[in-house]
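Colleague: Need coordinates for the below:
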Amino acid sequence: MIYYLTSDEYPEYLGIPIQIIPEKILKIRGTKNALKVTLVEPIIYRGKLCDRCDISNEHEIEIRTFYLFPRHVGVEFNNLENIKCPVHVHITISKNLNREPSTFDDLIHKWWAVVYDNYEDARIHRWG
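Modeller: Residues are numbered from 1 along each chain as shown. Okay, here's the model as predicted:
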């Protein structure tokens with residue numbers, strides 16, 4: 001199933017809903033489960049992601065995968081087929097784009113956003 005990810009706080013990258021496909025639930029040591037998602041269309045990030053990344057300091061970085069964590073207590077990602085929307089999430093990216101993270105230290109927190117199960121709710125940022 002395709003979901004939509006958007007944020008009115010980061011209009012340059014997430015102002016228009018982007019389509020995401022849930023891939024799997026990851027157990028990340030030291031934190032909640034992460035939802036690994038693939039972006040239907042990659043985001044081209046302009047600038048440096050972080051100082052401690054295994055990513056070159058190119059001016060443009062193509063991002064195809066996000067690792068999402070629920071923002072609220074009591075919300076967990078446990079099942080790919082039953083994602084209750086809207087879900088407020090932390091968007092993280094692996095410090096090494098060629099390797100899946102195993103600990104929270106392997107990730108960079110980039111944005112906050114909301115996952116929706118339909119485009120219209122995502123477009124108007126319905127809070128549910």
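Colleague: Now the element after the longest strand along the chain, going C-ward?
Modeller: In the chain, assigned by DSSP state E, the strand with the most residues is strand 34-46. Following strand 34-46 in sequence order, the next helix or strand is strand 60-70 (DSSP states H and E).
Colleague: quick check: angle from that following strand to strand 34-46?
Modeller: For strand 60-70 and strand 34-46, the angle between their directions (axes from the mean of the first three to the mean of the last three CA atoms, to 10 degrees) works out to 150 degrees.
Colleague: Direction included, what does the following helix or strand past strand 60-70 pair up with?
Modeller: Helices and strands here follow DSSP H and E; after strand 60-70, the next one along the chain is strand 87-94. Using DSSP bridges, strand 87-94 pairs in its sheet with strand 60-70 (antiparallel), strand 107-116 (antiparallel).
Colleague: could I get the ones you listed as TSV with mean pLDDT, distance to Asn82 and mean neighbour count?
Modeller: In short, each C-beta sits where N, CA and C put it, glycine included. Output for the strands paired with strand 87-94, formatted as TSV (pLDDT from 0 to 100; distance: least, CB to CB, whole Å; neighbours: other CB atoms under 10 Å):
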stretch	mean pLDDT	distance to Asn82	mean neighbour count
strand 60-70	91	14	18
strand 107-116	93	13	20
